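In: Quick one, fold the following:
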Amino acid sequence: MSTNSIKLLTGDVHRNLAELVSKNLGQSLCKVNINRESNREVYLNLGESVRDEDVYIICQIGSGDVNDRVFELLIMINACKTASARRITAVLPNFPYARQDRKDKSRAPITAKLMANMLQTAGCNHVITMDLHASQIQGFFDVPVDNLYAEPSVVQYLKTNVDYRNSIIVSPDAGGAKRAASLADQLDLNFALIHKERARANEVSKMVLVGDVTGKVCILVDDMADTCGTLAKAADTLLDNGADSVIAIVTHGILSGKAIETINGSRLHSVVCTNTVPIEDKMERSPKLKRLDVSNVLAEAIRRLHNGESVSYLFRHVQ
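Out: Numbers count the residues shown, from 1 in each chain. Okay, the predicted model is just below:
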């Protein structure tokens, strides 16, 4: 089966990743007309027929406008459903509200579950995402979820751009130890971790290093970077313990608030983010910020899903 009957849709902002995916697939993006009323309500209509088509809606959700992008996505899914699309797949490289995956205190919402419910109610039949903050979010859905990994792309990047044989993989917290250990196994390296104690949300009060990093290039790996306070403090901890330099690699560079100022003022050598979240405007403000393109992984996942092939191949290989 070819990809000729695929329909690729995206919103009117953050189109960069969708355009890269469409280029990889050799498919043009469908025209979607989006307007906003004076009170910011979204009015949307599809510029071409999607009847009995395999539709993939690529939504790049960053920081600052998360709720607008989420609601725009829901409206687009529902528009495709009412236009008789055969199957609707939401491609959400960075799954919104993924950090709210459990009741961590009394009367707290599980908003990731609410996201799953809304997507399914709107008419979503399948979800493609990358490096979920918590893998159990897949269980919130009653439709298939393909959780892709940035790890193969990261391995390729490190082998090409870093003196990785003199490196050590470091997790900035105990929760990321499994991710760090998996990457270390791929590269045949040792790994260390940092135990952090938080005084309050988004504020780390103390860090303790577990492992020897003397004379090593430390590669900090995490699934997302928001305010970047943790990465900056982790770099200080590693360099104070004899590390040669520190490079941070994160899948989702949310980089909200004063994150760019924090990166620029930190002792980090560089911060590498995939383009699951748009960072082009932020790269202009920080010479330390680098982009790692994962559009080829998403494009291949779409092609394989459309053709009924296994997606698990992408868990360990780069196209």
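
In: All the strands of this structure, in order from the start?
Out: Using DSSP state E, the strands of the chain run over 6-10, 32-36, 42-46, 54-58, 87-92, 126-130, 145-148, 167-171, 191-200, 203-210, 217-225, 245-253, 270-274, 289-292.

In: D226 contacts I254, doesn't it?
Out: Yes: with contact defined as C-beta atoms under 8 Å, D226 and I254 form a contacting pair (4.7 Å). C-beta: built from backbone N, CA, C; applies to glycine.

In: So which of the two has more stuff around it?
Out: The neighbour count for D226 versus I254, taken as other C-beta atoms under 10 Å, is higher for I254 (22 against 18).

In: Take the longest helix seen in the chain, keep the C-alpha atoms, and write them as PDB.
Out: Secondary structure assigned by DSSP state H gives helix 66-82 as the longest helix of the chain. What follows is helix 66-82, C-alpha atoms only, in PDB (Å, rounded to 0.1, in the frame of the first residue of the first chain):
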ATOM      1  CA  VAL A  66      -1.100  25.000  25.200                       C
ATOM      2  CA  ASN A  67      -4.800  25.300  25.800                       C
ATOM      3  CA  ASP A  68      -5.500  27.100  22.500                       C
ATOM      4  CA  ARG A  69      -3.600  24.400  20.500                       C
ATOM      5  CA  VAL A  70      -5.400  21.600  22.400                       C
ATOM      6  CA  PHE A  71      -8.800  22.900  21.600                       C
ATOM      7  CA  GLU A  72      -7.800  23.600  18.000                       C
ATOM      8  CA  LEU A  73      -6.800  20.000  17.700                       C
ATOM      9  CA  LEU A  74     -10.100  18.700  19.200                       C
ATOM     10  CA  ILE A  75     -12.100  20.800  16.700                       C
ATOM     11  CA  MET A  76     -10.000  19.600  13.800                       C
ATOM     12  CA  ILE A  77     -10.500  15.900  14.900                       C
ATOM     13  CA  ASN A  78     -14.200  16.500  15.200                       C
ATOM     14  CA  ALA A  79     -14.300  18.200  11.800                       C
ATOM     15  CA  CYS A  80     -12.700  15.100  10.200                       C
ATOM     16  CA  LYS A  81     -15.000  12.800  12.000                       C
ATOM     17  CA  THR A  82     -18.100  14.600  10.800                       C
END
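
In: Quick check: buried residues in it?
Out: Going by neighbour count (16 or more other C-beta atoms under 10 Å), the buried part of helix 66-82 is 69-70, 72-81.

In: And stretch 308-317, by the same measure?
Out: Here stretch 308-317 shows 311, 314 as buried, counting by 16+ other C-beta under 10 Å.

In: so how far is it from its chain's centroid?
Out: A distance of 18 Å separates the centroid of the chain from that of stretch 308-317, by C-alpha atoms, centre = their mean, to the nearest Å.

In: Can you tell me what sits against it?
Out: 1, 146, 148-149, 151-152, 297, 300-301, 303-305 (C-beta atoms under 8 Å, 6 or more residues apart in numbering).

In: What residues does the closest residue to I77 other than its chain neighbours make contact with?
Out: Sequence neighbours aside, A122 is the residue nearest to I77 in space, at 4.1 Å (criterion: C-beta to C-beta, 6 or more residues apart in numbering). By C-beta under 8 Å, 6+ apart, the contact list for A122 reads 74-75, 77-78, 81.
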